[in-house]
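> Sharing a model that was predicted from the sequence below.
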Amino acid sequence: MNLTPKQYKKFLSIINPDTTSEEYKNKVKELAKSFHEARENNNLANKIKHDKLGKRLFKKYPSLTNHYKVPKDRYLRNFLQEGTPLGSTLFYATEKVDGTNISVNIDTNTGKYIFAGRNRFLDENDSEKLYLDLPKILTDEVVNEMIDKLKQLGFDNDVVHIYGELYGFKIQKQNYNISENHERSVVLYDILVNQGANEYLHLNLHDLLMVVPQELLPHLIDSGLQTLSKWLENEPYEESFYGGINEGFVFKPAKRHVYYENKQSYLGVKYKTDKYLEVKKVKAPKKSQYEVNNPELVSDIERYITVNRVMNLVSHGGITLEFKNFGALVKELAEDVYKEYIRDESESEIMKKYTFDDIHEATFKTLNKQMSTTVREAIQS
């Protein structure tokens, strides 16, 4: 029977009318103390989400832009213009890890911190087995050491988000060496400092190397610092530093800069190897292939319906790759395809021919069978 101290006091008064006794008072004090401690320790996520810090604290990791979409992005394409200030910006590269997104969200003033998945906070009693290893890897000692490093950099009264990837045994389809030993680990690859409404300071490579313990850093590609256009000249190699197949590279600027959410694309570019591409190459449809409205549009959207996309969605957490979640997975896949197609193709010629209603009908109705087939394939694989 779980009672609050007030309820327990009333309960004791019924079975023991002598509420003035020392024994009675001590029992109430002990219960109140244990109840308070349990609430503090086990419900930190729930508590922090409802205070002012909590409203500032959670920050979903921004989406990286695929390399082939950079020339079409109004902001990012400026970094391809050689000879200009933005085009001369130097970037570094890391190997993209095939895992599930996590973050450590920190208030450097109080020393409080809380873990999060892609879309939500995680508390100590989180039911998802996926995250059970996280506190064992990112221990209090490790996180407190990172907080000390952040303070040394001058961030002693800030909300800081350190992003990373939990990877290894039974996470995604990778075949890293660590998986063979039934183990898991974490890489921490990005740090954002909250500077107000939708404004974040994106820390640089030097900051990352200083704050994050060496064993938790991502694998740096040893080609030094280059412009974005130079990095994009060559495809990523296929062999992973972690064993198995490389998912791809991620490029980020080597210097600090301010990220204005909702005003510009996040300054991070991913270049995936062919095995991990979320958009497939398809031949132009024959006239009879789609006996539907707007066959050209339907064929173009179909490129986005891939098993890799399903796997990527699952890696965000919140839904598992099982047949019992079949309907939810199909719906989530359709929503992701719809959102990313509009974002990627916003300035393409094909978008000039069709309305958002046309795209919605093609995605959620015409291509529903292809969505279902792809989800089924992902589950069976």
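Thanks, I have the structure now.
> only C-alpha atoms for contact and neighbour calcs from this point on.
Noted.
> Wait, a strand at residue 155?
No. Using DSSP: H, G, I helix; E, B strand; the rest coil, the assignment for residue 155 is coil, not a strand.
> Now the closest residue to it other than its chain neighbours, what are its backbone angles?
In this structure, residue 155 finds its nearest non-sequential neighbour in residue 108, 7.0 Å apart by C-alpha to C-alpha, 6 or more residues apart in numbering. Dihedral angles of residue 108 (phi, psi; degrees, to the nearest 10) stand at phi -70, psi -20.
> Can you get me a residue count around residue 108?
20 (other C-alpha atoms under 10 Å).
> swap in the one 4 residues further on?
Per other C-alpha under 10 Å, the neighbour tally for residue 112 reads 15.
> show me the contacts for the closest residue to it other than its chain neighbours.
Distances taken as C-alpha to C-alpha, 6+ apart put residue 106 closest to residue 112, at 5.9 Å, once the chain neighbours are dropped. If a contact means C-alpha atoms under 8 Å, 6 or more residues apart in numbering, then residue 106 has 57, 112-114, 147, 158-161 as its contacts.
> Pick out the most distant pair among the residues you listed.
57 and 147 (15.1 Å; C-alpha to C-alpha).
> quick one: the helices in the stretch 51-200 of the chain?
Counting by DSSP state H, counting those that start in this stretch, the stretch 51-200 of the chain has helices at residues 52-57, 134-137, 140-152, 177-180.
> Just put those helices in JSON lines and tack on mean neighbour count.
JSON lines is the format used below for the helices of the stretch 51-200 of the chain (neighbours: other C-alpha atoms under 10 Å):
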{"stretch": "helix 52-57", "mean neighbour count": "15"}
{"stretch": "helix 134-137", "mean neighbour count": "13"}
{"stretch": "helix 140-152", "mean neighbour count": "16"}
{"stretch": "helix 177-180", "mean neighbour count": "15"}
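> List just the one of these that sits closest to residue 253.
Nearest to residue 253, of all the helices of the stretch 51-200 of the chain, is helix 140-152, at 19.6 Å by C-alpha to C-alpha.
> Map the structural domains onto the sequence of this protein.
5-42, 59-273, 295-380 (automatic domain parsing).
> I'd like those domains as JSON lines, with mean pLDDT appended.
Formatted as JSON lines, the domains of the chain follow (pLDDT from 0 to 100):
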{"stretch": "domain 5-42", "mean pLDDT": "54"}
{"stretch": "domain 59-273", "mean pLDDT": "90"}
{"stretch": "domain 295-380", "mean pLDDT": "87"}
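> Could you check which helix or strand contains residue 333?
helix 326-344 (DSSP states H and E).
> How about residues contacting that helix?
Residues beyond helix 326-344 that count as contacts (C-alpha under 8 Å, 6+ apart) turn out to be 69, 72-73, 301, 304-305, 309-310, 313, 319, 321, 359-360, 363-364, 368, 371-372, 375-376.
> Repeat that for stretch 62-74.
76-77, 80, 232, 265-272, 344, 347-348.
> Filter those down to just the ones in strands.
Secondary structure from DSSP state E places 269-272 of the contacts of stretch 62-74 in strands.
> hmm, back to that, please save the CA atoms from the helix holding residue 333 in CSV.
The C-alpha coordinates for helix 326-344 follow below in CSV (Å, rounded to 0.1, in the frame of the first residue of the first chain):
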residue,chain,number,x,y,z
PHE,A,326,3.2,-2.4,-37.2
GLY,A,327,0.4,0.2,-37.6
ALA,A,328,2.3,2.8,-35.6
LEU,A,329,5.5,2.2,-37.6
VAL,A,330,3.7,2.6,-40.9
LYS,A,331,2.2,5.9,-39.7
GLU,A,332,5.5,7.2,-38.3
LEU,A,333,7.3,6.3,-41.6
ALA,A,334,4.7,8.1,-43.6
GLU,A,335,4.9,11.2,-41.4
ASP,A,336,8.7,11.2,-41.7
VAL,A,337,8.7,10.8,-45.4
TYR,A,338,6.2,13.6,-45.8
LYS,A,339,8.1,16.0,-43.6
GLU,A,340,11.6,15.2,-45.1
TYR,A,341,10.4,15.3,-48.7
ILE,A,342,8.9,18.8,-48.3
ARG,A,343,12.1,19.9,-46.5
ASP,A,344,14.5,18.4,-49.1
